[in-house]
Every structure is written in structure tokens, then in C-alpha cells.
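**Student:** 3D model of this:
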Amino acid sequence: MNRKERRAANKRREESARRPNALALSAGVSIVDLAAEASRLRGAGRINEAQEVCRQILAREPAHVQSLNLLGLMAQASGDHRGAVKMFAKAIASDEVNAACYYNAGNSYQALGNRAKASAHFSKALALGMDEKAVTFILQSPIISRYVARIAGKSPLPVTNAELFGTESVIPLANDLFLRCAMEAMTLPSVRLEALLGYARAELLRLAGEQDEDNGEIDNNVVAFACALARQCFINEYVYVQAEAESGLANTLRDRLLQDLASGTAITPLALAVVAAYFPLHTMPMAEALLDRDWPAAVAGLLQVQLREPLEEAGERTAIATLAPIKNSVSLQVMRQYEENPYPRWTINPLNAFAADQARGRTLPTADRQAVLDILIAGCGTGLHAVQIAQVYPNARLLAVDVSLASLAYARRKTRELGLRNIEYAQADILELGTIGRTFDSIESIGVLHHLAEPTAGWRVLVSLLRPGGGMRIGLYSDLARHVIAEARAHIAARGYRATAGDIRRCRQDIIREAEHWKMLIDANDFYSMSGCRDLLFNVMEHRFTIPEIAAFLNDNDLSFLAFEPFDDPTVIEKFHKQFPGAADEANLDQWHRFEADHPETFWGMYVFMVGKNAH
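**Tutor:** From the prediction side, this is the model:
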């Protein structure tokens, strides 16, 4: 040891002597503070000390999830993936709904070569809420970031597939199991990722054509990747742009597949997956015959999503009752829009973790949530809103109505998948609901009234159905916050874009090319699916409101404003109280109007608020 090394070693010993050791810390310090210290030590690279603190925590609380997870991460970082999965398994045993632990375990299982367990853990992480971070994690992958950089390096010119993928083709992408699981489970709201997956789809199309020529074997991971990409395209409703030559090749491959299907000729899994990445299988003639053939598991999963489930939804339509007629001309136009593009196309139950905790008795329902209530969901779309309310209020009786049979059929299928039995679905126009002869303890209408010909007329109908003392949850577009939407709709009208798939794709590319100007649109999740983009920018009817208009309606209809929905950004309430020091009243709409004038993006999504019907 030279003089410099001895000096560094002495300094480390002196620092260690000045610090209380883990045993001393654990004796009089709370577990919360110890856990924070363990995280700090790991972040500072003092791994041995961090491990010691974790062990001391576990001596006091053997099932401490944060410590088990942290030990797993440190083992993972050192390359000890077997030790890591043991720690993650213990953490999951203590907290079965911890998305981060499942994700971390998935990474170690993938490193160990156990692809089945890795995929299962990644899928579980996404189902438990990791979907909100999925794009960030995907883009952090060194392989994906390299591809993204290559695309950006040629922008605004396109990159060739040879330049992008080289001789490896899509094999490195296909080996990214988290990417595959995410493509199967959710839309991926990222311009960079969309561009990469668009190139990957074109490369798979090339591979499928070459396979047909030389009958070469295709790696199973590439087939599984193609199936996952086809599921992603189905989820986003084929929103990716495609060049004219690419479309021609896709049409040729589809026609060949249809010929093989009619003649009984063998169809390669890759060819089927690539066709499904350009065209929804359930719309193809004789597609049901595909179900009679034997397929690998990845293809069977693709057929479940693109064929079995749509066929099931088609059967549901005849079972849906019409509760109130749809006569208004605007309501009929809105109905046609959502028949063509049911919205939203959701795949993951956002309350999976809540439902699991409730089933295990970890979350005890309050008296309010246990109450036997009659609840109306006015404008339920594809059922996402209704199934959340049904899980939070398991004893409630829900009536969920919508104008679109396609949306209602989707909702019924998803509701049955979740095992929920307290929702009745029916077709109805809100404007005609006054004829049904029923009243409700609670009414919810989020993002619906502003698509009616006369929103306040529809709102008055809902008020007439609300029992005295009942509550109503309403969501309306803000005129101030949605100025960029108004500008975009004017831009679309000026360029003559129609609400067709081709025009929506072209319009999206215009917006992407001017990304700085349209940043708010590009940051919106709805931008990344066909139905979402149509709902966001091409809706046949959109009204926008101001807070004074809402206040006037409440005053005229004997309703009391209770509160806005909790904000995703916690600083909103802090800013609100700061603006009205000592006098802030969160139920004061005049104050909120003044606040919104100073912070116009506060209600970018929409105003979502609770009102009560005054009892007399």
C-alpha cells in the first residue's frame, strides 16, 4: 500500500469512527429513519453499510419490504441475481401488490435466463401500476436508446432499416422482455418509441416477405416480438404512420394470407403476426378459421386479443337493452363516432392493487363505501369509469349508460373478466333519461356533457334524477385550459383533415413535425391511439366552459359546489392558498376563477368536481 492509499484508508477509518454504527443506530432510531439512511448510503455507494442497516431493520421487522427490496437491488447490482430474486420474493410475499418489486424481480429473472418468470413478473408489475413509468424504463434501455439516437441523428430525414438495425435486424429489440410485455398491455405514449416501433414493424414486414421466399426459420423471440407489436398496434388502433410502399407490401402479405387461409395452406406464425400488425384480424373474411389451427403460445395470445374478444363483443350487442332512445341529431353523430372508435380502449384495471388489498382485508371499506346506493354513470364509454366505481362501492347498484353499443359491448366484456356483478349496462341518450322513471343517490358524468348538443339541458336532466341530499360528480372541459385544443381544431379545419384513419395519421405527423408548438398535445396520452386522438382533436361536438358559467348553473339548479377532484399536482392547492393568504376557501368558485386566470393550465384535463343537491 503506497502513501496515497494509506492516507485514503486512514480517512475512511476516521469517518467511520465518527459515524454511529448500524447497531447503535438501530437501538434508538425509528425504522422509517433507518430505511431512509439505508437508501442514502446505497446512493452514496457505501454498499456494505447500507446492507448492514437493512439487516438491522430486518432483525426488528423481518417483513420490511423496503429493506428486502433494497437488498435485492444491491445484490442485483453486484451480479448476484439468484440472491436478488430471493430477496424480491420475500418482499413480494410481504406486499403482493408492490409493482416495483415485481419489476425488479423480472430484471433478475431475465438476467438468469428464466424468460417465463421474467415476463410473468413484468406483466404483474404493469398490471399493478408500473404502466405509468413503463415508457421511461423502456427508453432507459441502452439498446433502445441507441436506436432512438440513430433515428434522431438522421431527423428530419428517415433512416433506412439497414442503418437502424444493421445485420442484427430486430433481434436485440425482441430480447427486451419488458418492452414486449408493455406492448401487450398498454398504449406507449412516446413519439420516440412510436418512431422506433414503426421502423420495427416495417423490418418485420421485410422479414416475413423473405421468409416466404426462402422458407428460413425465424427466431422464436422475433415471432413473439412480432405478436406483441401486433397487439400494440391493435391497442392503439393502427395509429402508426406507414409509407405508401410499406402499405403495398402489407396488402400483398394480407392477400397471400387470405389465399392460404381459404385453401388450407400452412401459414407461418410470423406472417400472421405481421399481417395483424397492419390489419385487425377480426375484420378479415374467414378469420375465425384461424382459431381451428394449432399455434405457438404468443400467436394464441394475439388471436385472443384480435379475434376471440372482438367476436365476444359482437355477441354482446344483442344483450344490451335500449333504455332511452337516441333521437337528437348531434347525439346520433356522437354515437357513430364512438361506434367506429370506442373510447378509451383500456386493458389494465387501474384498481388492481386496491382490489387485491380489499380482497385480503388489508383495506377495510368505510361506512360510506359499504352503503347500498343507487349510482348512475351517465356516459360510461367502454366501462373504465363504471368498473372503478363498482369496486370502490361493492354494495352499490350501478346503472351505466352510453350512446354507443360498441363501447357498451367492450364494457360488458371487461366487467365480466373482472368478475363484477353490480353493473347494469344500457344504451341511452342523456337528453332522454328523464323518461326512465328512476332516481339515484349519486350520479357521475365525467367528460360527457360537453359532447351533447345542449350540455346544460343534459345536466338539468341529470339533476332531475338526483335524490335530495344526493351527490353528483361532473367533468367538463375548461375554455381557458383547452386553448391549444381550440387552436388545433382550427388548424385541422383549415387543412381539411377529416375524421378518417388516414387523415388522423397524417394530421398527427404534422403535429409531430411541429413538436415544440404542439407540446401539450404530444404530452397527452390520448394522442397515441386512434380513438384517443379522434376524441381529443376530431370530436364531432365539443363545448367548453368557464368557472362562472358552472357557478351560474349550480345557482340556478339548487346545487352546492363541494370540491374539485384532488389534483395530480399537489402544488396546486399550495399555490391556491398562497394566492389567498388567510382567506383561501377551496369551495369558493370565485376564488378558483381568479386562480385559473393566473394559472390557465390548472384544468388542462378538465374541471372534475363534486356538487350536492340541496335537501328541502
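**Student:** so after the helix ranked longest in the chain, what's the next helix or strand?
**Tutor:** Identified as the longest helix of the chain according to DSSP state H is helix 191-214. As assigned by DSSP states H and E, the chain's next helix or strand after helix 191-214 is helix 220-235.
**Student:** buried residues in that following helix, which are they?
**Tutor:** 221-235 (16 or more other Cβ atoms under 10 Å). C-beta here means a position set from N, CA and C on the backbone, and glycine is covered the same way.
**Student:** what's the closest non-adjacent residue to Y343?
**Tutor:** S531 (4.1 Å; Cβ to Cβ, 6 or more residues apart in numbering).
**Student:** how far away from the center of its chain is the helix or strand containing that neighbour?
**Tutor:** Under the criterion of DSSP H and E, S531 resides in helix 530-537. Centroid displacement of helix 530-537 relative to its chain, using Cα atoms, centre = their mean, to the nearest Å, is 15 Å.
**Student:** residues contacting L408?
**Tutor:** By Cβ atoms under 8 Å, 6 or more residues apart in numbering, the contact list for L408 reads 316-317, 320, 380, 383, 402, 425-427.
**Student:** now it: phi and psi?
**Tutor:** Main-chain dihedrals, L408, degrees, to the nearest 10: phi -70, psi -40.
**Student:** what comes up buried for the top strand by length along the chain?
**Tutor:** If you go by DSSP state E, the chain has its longest strand at strand 466-476. Within strand 466-476, the residues scored as buried using 16+ other Cβ under 10 Å are 466, 470-476.
**Student:** farthest pair in those?
**Tutor:** Of all pairs drawn from these, the greatest distance, 19.0 Å, lies between G470 and L476 (Cβ to Cβ).
**Student:** the stretch 51-200 of the chain: helices as residue ranges?
**Tutor:** 65-77, 81-94, 99-111, 115-127, 134-139, 142-154, 161-165, 171-174, 177-185, 191-214 (DSSP state H, counting those that start in this stretch).
**Student:** so can I have CSV of these showing mean neighbour count, distance to S407 and mean pLDDT?
**Tutor:** Output for those, formatted as CSV (neighbours: other Cβ atoms under 10 Å; distance: least, Cβ to Cβ, whole Å; pLDDT from 0 to 100):
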stretch, mean neighbour count, distance to S407, mean pLDDT
helix 65-77, 22, 39, 97
helix 81-94, 20, 36, 97
helix 99-111, 23, 29, 98
helix 115-127, 21, 23, 97
helix 134-139, 17, 25, 97
helix 142-154, 14, 34, 96
helix 161-165, 16, 38, 95
helix 171-174, 19, 34, 96
helix 177-185, 24, 21, 98
helix 191-214, 19, 25, 90
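**Student:** so the residue nearest to Y343 touches E339, yeah?
**Tutor:** No - in this structure, S531 is not within contact of E339 by Cβ atoms under 8 Å, at 11.0 Å.
**Student:** more crowded one of these two?
**Tutor:** Between S531 and E339, S531 has the larger neighbour count (other Cβ atoms under 10 Å), namely 23 against 13.
**Student:** got a list of what that one touches?
**Tutor:** 237, 341-345.
**Student:** what is the nearest of the buried residues of helix 220-235 to G248?
**Tutor:** So of the buried residues of helix 220-235, ranked by how close each gets to G248 (Cβ to Cβ), first place is C233, at 17.8 Å.
**Student:** measure the closest one to Y278 for me?
**Tutor:** Noted for C233: a distance of 7 Å to Y278, by Cβ to Cβ, to the nearest Å.
**Student:** okay, and the common contacts of those two?
**Tutor:** Common neighbours of C233 and Y278 (Cβ under 8 Å, 6+ apart) are R201.
**Student:** which one is the residue nearest the centre of the chain nearest to, not counting chain neighbours?
**Tutor:** The residue lying closest to the centre of the chain (Cα atoms, centre = their mean) is M186, at 5.5 Å. In space, and not counting its chain neighbours, M186 is closest to D131: 4.8 Å by Cβ to Cβ, 6+ apart.
**Student:** try Q509
**Tutor:** V241 (5.4 Å).
**Student:** isn't that neighbour right up against R508?
**Tutor:** Yes - using Cβ under 8 Å, V241 is in contact with R508, at 7.2 Å.
**Student:** more neighbours: the two, which one.
**Tutor:** Between V241 and R508, counted using other Cβ under 10 Å, the more crowded position is R508 (24 against 14).
**Student:** mind pulling up the pLDDT for the more buried one?
**Tutor:** R508 is assigned a predicted lDDT (pLDDT) of 98.
**Student:** quick one: secondary structure of it?
**Tutor:** helix (DSSP: H, G, I helix; E, B strand; the rest coil).
**Student:** not counting sequence-adjacent ones, nearest residue to it?
**Tutor:** Nearest one to R508, counting by Cβ to Cβ, 6+ apart, is C533 at 6.3 Å.
**Student:** related to what we said a few turns ago, what packs against the helix or strand following the helix holding S531?
**Tutor:** Using DSSP H and E, the helix or strand that directly follows helix 530-537 along the chain is helix 547-556. Applying 3 or more Cβ pairs under 8 Å, 6 or more residues apart in numbering; DSSP states H and E, one finds that helix 547-556 contacts strand 559-564, helix 589-598, strand 607-613.
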